[in-house]
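In: Turn this into a model:
(one chain, ligands or ions: 1)
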Amino acid sequence: MDKLKKKVASPGEFLSTEEEFIPGKNTFEENGEIFSSNTGLIVEDLKSKEISVKSSSEPVKIKSGSVVFGRVDVVKDSSVLIEMQNIYGADKKVFTSSFAVLPVRNVSRDYVERLRDFFKIGDLVKAKVAKILPGNNIDLETSSSPDFGVVKAFCSRCRKPLHLFGSTLKCTSCGNTEGRKISNDYLLK
Ligand SMILES: [Zn+2]
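Out: A predicted model of the protein is given here:
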């Protein structure tokens, strides 16, 4: 578990002793004491016992393996176009090229007959960057973990958010049931 202290460290500022923490990113150690080498928020990882400084000037860069959240813009026969909104774990919502493609072959390990049964326009999706192609075209995938897929879906009849009951998405407003490539992290249960 990360504990983000609401405290900004300056370069050279004392953070902790080596008895309490091990030095992480943007820190350095001297005579058993840990100091910040940068300006940023102090982060204490209580699990790994690591203290680090999250530099606010560091640009959030999307790379292969990044986990992103985005909204389904278009569903075609062969791919889903997703407007990315955030990188998982990043504190800034920054995207220059904000669209990514989820090709049908990257959706699931199971056979996907109709992509429209797995994703619909407006769905909020958690996915992983499979690769970044020349021209900054981004390919996503949702097949490598049950955590990836739709985290919030909307009723195609009345547009209300769908709730997950077992493995079925149901609209509590109009009673409609729908299917999706549902993430383990589905928000409304
Ligand atoms: Zn409905």
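
In: make it CA atoms for all contacts and neighbour counts henceforth
Out: Noted.

In: Around the ion, pick out the residues from the chain.
Out: Of all the residues in the chain, those in contact range of the ion (CA under 5 Å from the ion) are Cys155, Cys158, Cys171, Cys174.

In: As CSV, these with neighbour count would be great.
Out: What follows is the residues of the chain next to the ion, written out as CSV (neighbours: other CA atoms under 10 Å):
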residue, neighbour count
Cys155, 23
Cys158, 12
Cys171, 22
Cys174, 12
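
In: What I need now is the residues you listed written out in JSON lines, including distance to Lys131 and secondary structure for each item.
Out: Conversion of the residues of the chain next to the ion to JSON lines gives the following (distance: CA to CA, whole Å; DSSP: H, G, I helix; E, B strand; the rest coil):
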{"residue": "Cys155", "distance to Lys131": "31", "secondary structure": "coil"}
{"residue": "Cys158", "distance to Lys131": "36", "secondary structure": "coil"}
{"residue": "Cys171", "distance to Lys131": "35", "secondary structure": "coil"}
{"residue": "Cys174", "distance to Lys131": "40", "secondary structure": "coil"}
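
In: May I have the secondary structure class of Phe28?
Out: When states are read from DSSP: H, G, I helix; E, B strand; the rest coil, the local structure at Phe28 comes out as strand.

In: show me what contacts it?
Out: The contact partners of Phe28, by CA atoms under 8 Å, 6 or more residues apart in numbering, come to Ile34, Phe35, Ser36, Ser37.
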